[in-house]
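Participant: what would the 3D arrangement of this be:
(2 chains)
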Amino acid sequence: MGTFMMVVILAVFVNNFVVVQFLGICPFLGLSKSTSSAVGMGVAVTVVMTITCLITYPLYTYVLVPLGLQYMEIIVFIFVIAALVQMLEKFIKKFAPPLYRAMGIYLPLITTNCAVLGVAEMVIDQTSMVSMVGASGLGVSVLYGVFAGVGFTVAIVILSGLRVKVDALSPGKSLKGYPVTMVTACFMAMAFYVFNLISL
Amino acid sequence: MMKPADIKKIGMDGLLRNNPTFRLVLGTCPTLALTTAAMNGIGMGLAVTFVLIFSNVIISALRKVIPNEVRIPAFVLIIATFVTLLRMLLDKFIPSLYESMGVYLPLIVVNCIILGRAESFASKNPVLNSAFDGLFTGLGFTWALTFMGVIREVLGAGQIFGYTLWDFRIEFFSSSAGAFFVYGLCVALFNLIYTKVESHFHRVGFAKKYMTAPEAAQEEAK
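Facilitator: Numbering: from 1, shown residues only, chains lettered A, B, ... in the order given. Below is the predicted model:
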């Protein structure tokens, strides 16, 4: 239970993937115009992250390491993610058409989302996982994947809410668009900084 | 064959007109994460430049061989190969940079600048042009990261390229909030300067020569 809560708090708040670790910034800035697209992207990323961790962790620990092929990890991981996203797209299209209509357009974008490859790279580093949450292994890795995705969803949904107000302002021509969104994200990052003060 | 005017145009595009960081806002993750110090910015920029040049050359050389349907996986495989190579080289020769880049080094694979250049330039243009495009886009990324790195290092740590300037420091600029803040203001500043410069050049007729839209330039080439 202690480890569970630790992973949840660390992955969602203290080490939030987006505003603290700067992973997945492109969809964070690009797809936060409306709350519905933010939720769609968040859910899609969470699903892909979870399955990615479930596949890449055993693949790395039980296949690549015994064979001495650690240097292949980037190529293997990116192919796992690309294949997974393609399969998931086909699968959802066939078995859950309403779900496909809701999040189908976000799936192809996930292959090049650095948060997914980032979480796959992070959970295989056992020493840093142990120093962070005090345990490592398949269970912790998948849990970290799930809540890293939840953290991404939380951040993008908050930003989309803020942007509804901010985009209605007229801040001047050169500040419009990305600059004012980034300044908004700056205030979010300040808010998340408070979680650093939590002692676990 | 390449004309000097082509090189000039590709250079202008990569460094200023289509600057990947300030104009297109691509490759944002390493931009925000690795600009706490100017040296990290240069390191990341040059790492991306290395991958960009080689992946552009290979993709351009194979552009008639790779079938259209599987081009994205093929591009990603080529990029991943060079990132793996770069990772080995850095681990062996510059371990300090390897350490400071951490998880962002493997993440060069999913950097949208590289895939973007492969898709929009290298897969349509000859090898030499693509090599120059990779070089100048990479250098555009490098100077942007260095610029932001200098701002954040001077204000946040009172240092420049590791040398201490003074004891005065504003922690905010070293934090993650400061990264968003500096990036946002840099984009705004660059937009402001760019629109001013562009309207000036429009008046003196410079735009016609070097700032034509890509489609118009292609028409011209025909």
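
Participant: neighbours around the closest residue to residue A:70 other than its chain neighbours, how many?
Facilitator: Computed as Cβ to Cβ, 6 or more residues apart in numbering or on different chains, the closest residue to residue A:70 that is not its neighbour in sequence is residue A:64, at 5.7 Å. The way it works is simple: take the backbone N, C-alpha and C, and place the C-beta from them, glycine included. Residues within reach of residue A:64, counting by other Cβ atoms under 10 Å in any protein chain shown, total 18.

Participant: A helix includes residue A:64, no?
Facilitator: Yes: according to DSSP: H, G, I helix; E, B strand; the rest coil, residue A:64 belongs to a helix.

Participant: quick one: residues contacting it.
Facilitator: Going by Cβ atoms under 8 Å, 6 or more residues apart in numbering or on different chains, residue A:64 touches A:70, A:72-73, A:76.

Participant: could you turn the buried ones of those residues into a ChimeraX selection?
Facilitator: Buried members of those, defined by 16 or more other Cβ atoms under 10 Å in any protein chain shown, are picked up in ChimeraX with:
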select /A:73,76
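
Participant: can you put the contacts of residue A:64 in CSV and add pLDDT and secondary structure?
Facilitator: Rendered in CSV, the data for the contacts of residue A:64 read as follows (pLDDT from 0 to 100; DSSP: H, G, I helix; E, B strand; the rest coil):
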residue, pLDDT, secondary structure
A:70, 83, helix
A:72, 87, helix
A:73, 87, helix
A:76, 90, helix
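
Participant: spatially, which two of the contacts of residue A:64 are the most separated?
Facilitator: Largest separation among these by Cβ to Cβ: A:70 and A:76, giving 10.0 Å.

Participant: show me where chain B has helices.
Facilitator: For chain B, the helices defined by DSSP state H occupy B:4-12, B:28-33, B:38-61, B:71-93, B:95-101, B:112-117, B:127-157, B:176-204, B:206-210, B:214-221.

Participant: mind pulling up the pLDDT for the residue nearest to residue A:70?
Facilitator: Looking at residue A:64, its pLDDT is 87.

Participant: how far away is it from residue A:155?
Facilitator: Taking Cβ to Cβ, to the nearest Å as the measure, residue A:64 falls 31 Å from residue A:155.

Participant: also residue A:40?
Facilitator: From residue A:40 across to residue A:155, the span is 15 Å (Cβ to Cβ).

Participant: what of residue A:49?
Facilitator: 14 Å.

Participant: looking at the two, which is more packed in?
Facilitator: residue A:49 (30 against 25).

Participant: in the host helix or strand of that one, what's buried?
Facilitator: Taking DSSP states H and E as the definition, residue A:49 sits inside helix A:35-58. For helix A:35-58, burial by neighbour count (16+ other Cβ under 10 Å) applies to A:35, A:37-57.

Participant: these two touch, right, residue B:22 and residue B:190?
Facilitator: Yes: counting by Cβ atoms under 8 Å, residue B:22 does reach residue B:190; the two are 3.9 Å apart.

Participant: what sits against the residue nearest the centre of chain B?
Facilitator: By Cα atoms, centre = their mean, chain B has its centre lying nearest to residue B:141, at 2.6 Å. Contacts for residue B:141 (Cβ under 8 Å, 6+ apart) come out as B:19-21, B:27, B:45, B:48-49, B:113.

Participant: ok, now residue B:139?
Facilitator: Residue B:139 is in contact with B:14-15, B:45, B:49, counting by Cβ under 8 Å, 6+ apart.

Participant: for those, which one is nearest residue B:105?
Facilitator: Among the contacts of residue B:139, and counting by Cβ to Cβ, the member closest to residue B:105 is residue B:45, at 13.0 Å.

Participant: any idea how far chain A is from residue B:10?
Facilitator: Distance of residue B:10 to chain A, given as Cβ to the nearest Cβ, to the nearest Å: 24 Å.

Participant: next, count neighbours for that residue.
Facilitator: Applying other Cβ under 10 Å, we find 23 residues neighbouring residue B:10.

Participant: those residues of chain B touching chain A, which are they?
Facilitator: Residues of chain B lying close to chain A by Cβ under 8 Å from any Cβ of the partner chain are B:25-26, B:28-30, B:32-33, B:73, B:76-77, B:80-81, B:83-84, B:87-88, B:103, B:106-107, B:109-112, B:115, B:175-181, B:183-185, B:187-189, B:191-192, B:195.

Participant: who has more neighbours, residue B:22 and residue B:190?
Facilitator: residue B:22 (25 against 19).

Participant: distance of that one from residue A:182?
Facilitator: 12 Å.

Participant: ok and the residue in chain B nearest chain A?
Facilitator: Proximity of chain B to chain A (Cβ to the nearest Cβ) peaks at residue B:184, 3.1 Å away.

Participant: do I have it right that that residue meets residue A:181?
Facilitator: Yes: counting by Cβ under 8 Å, residue A:181 is a contact partner of residue B:184 at 7.4 Å.

Participant: which one of the two has more residues nearby?
Facilitator: Under the criterion of other Cβ under 10 Å, the comparison of residue B:184 against residue A:181 puts residue A:181 first, with 25 against 20.

Participant: count the residues that sit near the residue nearest to that one when sequence neighbours are not counted.
Facilitator: The spatially closest residue to residue A:181, leaving aside those adjacent along the chain, is residue A:29, at 5.6 Å (Cβ to Cβ, 6+ apart). Look at residue A:29: counted by other Cβ under 10 Å, it has 22 neighbours.
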